[in-house]
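Asker: here are the coordinates; sequence isn't available:
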Ligand SMILES: Nc1nc2c(c(=O)[nH]1)N(C=O)[C@@H](CNc1ccc(C(=O)N[C@@H](CCC(=O)O)C(=O)O)cc1)CN2
Ligand SMILES: Nc1nc2c(ncn2[C@@H]2O[C@H](COP(=O)(O)OP(=O)(O)OP(=O)(O)O)[C@@H](O)[C@H]2O)c(=O)[nH]1
Ligand SMILES: [K+]
Ligand SMILES: [Mg+2]
């Protein structure tokens, strides 16, 4: 028998109704004590008067009993919908604890739903993220995953791989010359199709990962081009220090803005400068790191100063990352007399920014790229845990192909079994306690 757990399920703060949730074998007995009533009907809303252990009135509340196993956790659940604010809910919780329940740990209700088989890991993960979703796009995707979209992908993929293993088991007993000509090749083609499918999902998930966590935009450029001025313009307040002194920004600054339905995390970096100065060297490394971690890069040039080797370095970075990241090239300070020879950046169709028009131009350029990146309605893997697992499955499938074509079916089966266990780990943990603690511990209290 496991403990009966309880928590306030609603957020703290002023609200008209709050919910206290109790799950476990003792839930109904506790409900009977606190209401002094018996004979509840499952899934009915009962209006009840609640009393504390000293018989003092707490509240008039609605009680719903979910009879096991037909509840979220699959255990007995009693919910109290009481008057809002924190005091009443806290008082009910206190009384429930006095009657023998214990306070739930963060994520413990969801953990029990998982242990009871109501949801699998993909659904639990989606619930965890849905609670903290920062945009409507994210909420939509997470709701789909919560309803079992990824679970279905995992089940289908496992099914296909199991069929391939079964095929090998059957053919293992045949002499090679008795096998139909193209049988092995057909199987190899099917495996290639699986690899391609996984590849599609991984690359579209990587491209669209910002839908969940926010897309990251890095502003790079040599010292004093106006990077921090752009950050401030996008935020509409003086977040970063702006000055005419080169090297003003020493640390990376990150802030969030909303563009359309997207959450965007803007990163202002220290100017890239090749120098013996140790601090500025770190600045360079940070800029490169910022690019690596970003989805979109804004590379900025100063129209009022002649082209120099520092601009050349930025140009090299643009070329290096052009195929990997969305690039926006910006020519700043176009309100001043032009001194920059823009020949080398013209191919990138630079946006011309001035004191007056920084924000709007960049926002509309970002909008265009964001909607392009967000496109697609393929399945979205929402965590690096999920992405790693399908990549491992894909590698194992790739490794299975050679032994298949050379007829070494035991080795083929070995790799496919690896692929199956990798793909299965998405919905069912291998290292159970480890993943469980990590995942459910990140939940908020009462979930
Ligand atoms: N009041 C309340 N609202 C809530 C929750 C909750 O726990 N309490 N949820 C918590 O996350 C979510 C809903 N999730 C739930 C999932 C399953 C069951 C449930 O009782 N399932 C039964 C009966 C199904 C049916 O009637 O069709 C079952 O599957 O057997 C309840 C809530 C969001 N809203
Ligand atoms: N005329 C003009 N000046 C600008 C413009 N944008 C920025 N500046 C000025 O350029 C100087 C440098 O701006 P910052 O935003 O500090 O430049 P930065 O790239 O962040 O500089 P570091 O952090 O030192 O690398 C400041 O004096 C700004 O006022 C612009 O569009 N036109
Ligand atoms: K500056
Ligand atoms: Mg700066």
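Answerer: That came through fine. Predicted model only: the values in this text are computed from it and were never measured. Ligands and ions are numbered 1, 2, ... in the order given.
Asker: how deep is residue 115 tucked in, by neighbour count?
Answerer: Residue 115 is flanked by 14 other residues according to other C-beta atoms under 10 Å. Where you see a C-beta, it was placed from the backbone N, CA and C, and this is true even at glycine.
Asker: mind checking how far the closest residue to residue 205 other than its chain neighbours is from ligand 3?
Answerer: Leaving aside its chain neighbours, residue 205 sits nearest to residue 381 (4.1 Å; criterion: C-beta to C-beta, 6 or more residues apart in numbering). Residue 381 sits 40 Å away from ligand 3, going by C-beta to the ion, to the nearest Å.
Asker: just residue 377 next, same as before
Answerer: Per C-beta to the ion, residue 377 is found 43 Å from ligand 3.
Asker: which residues of the stretch 51-200 of the chain fall in helices?
Answerer: Assigned by DSSP state H, counting those that start in this stretch, the stretch 51-200 of the chain shows helices spanning 86-98, 108-115, 121-131, 136-146, 149-171, 183-208.
Asker: of all the ones you listed, which one is nearest ligand 4?
Answerer: helix 183-208 (29.0 Å; C-beta to the ion).
Asker: ok now that closest one, how far from the chain's centre?
Answerer: 23 Å (C-alpha atoms, centre = their mean, to the nearest Å).
Asker: what's the next secondary structure element after that helix?
Answerer: Helices and strands here follow DSSP states H and E; after helix 183-208, the next one along the chain is helix 210-213.
Asker: if you count contacts, what does the helix or strand just after that following helix end up packed against?
Answerer: Downstream of helix 210-213, the next assigned helix or strand under DSSP H and E is strand 215-221. If you count contacts as 3 or more C-beta pairs under 8 Å, 6 or more residues apart in numbering; DSSP states H and E, strand 215-221 packs onto helix 227-235, strand 262-268, helix 278-293, strand 296-302, helix 309-321, helix 358-374.
Asker: strand 215-221 and ligand 3 in contact?
Answerer: No: figure legend: strand 215-221 not in contact with ligand 3 (C-beta under 5 Å from the ion); closest approach 10.6 Å.
Asker: quick check: angle from that strand to strand 296-302?
Answerer: Note on geometry: by axes from the mean of the first three to the mean of the last three C-alpha atoms, to 10 degrees, strand 215-221 and strand 296-302 are set 20 degrees apart in direction.
Asker: partners of strand 215-221, with directions?
Answerer: With DSSP bridges as the test, strand 215-221 is paired with strand 262-268 (parallel), strand 296-302 (parallel).
Asker: distance between the last one and the chain's centre?
Answerer: Put plainly, it is strand 296-302. With C-alpha atoms, centre = their mean, you get 27 Å for strand 296-302.
Asker: ok, now which ones touch whichever residue of the stretch 251-400 of the chain sits closest to ligand 1?
Answerer: Closest approach between the stretch 251-400 of the chain and ligand 1, counting by C-beta to the nearest ligand atom: residue 382, at 17.7 Å. By C-beta atoms under 8 Å, 6 or more residues apart in numbering, the contact set of residue 382 is 125, 126, 129, 141, 142, 145, 150, 205, 212.
Asker: those also near ligand 1: which ones?
Answerer: Checked against ligand 1 using C-beta under 6 Å from any ligand atom, the contacts of residue 382 yield no neighbours at all.
Asker: tell me which parts of the stretch 1-150 of the chain are close to ligand 1?
Answerer: For the stretch 1-150 of the chain, the residues in contact with ligand 1 (C-beta under 6 Å from any ligand atom) are 19, 66, 70, 71, 72, 79.
Asker: can I get those in TSV with distance to ligand 2, neighbour count and pLDDT?
Answerer: Shown next, in TSV, are these (distance: C-beta to the nearest ligand atom, whole Å; neighbours: other C-beta atoms under 10 Å; pLDDT from 0 to 100):
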residue	distance to ligand 2	neighbour count	pLDDT
19	48	20	97
66	57	21	98
70	59	11	97
71	55	25	98
72	50	17	97
79	53	22	98
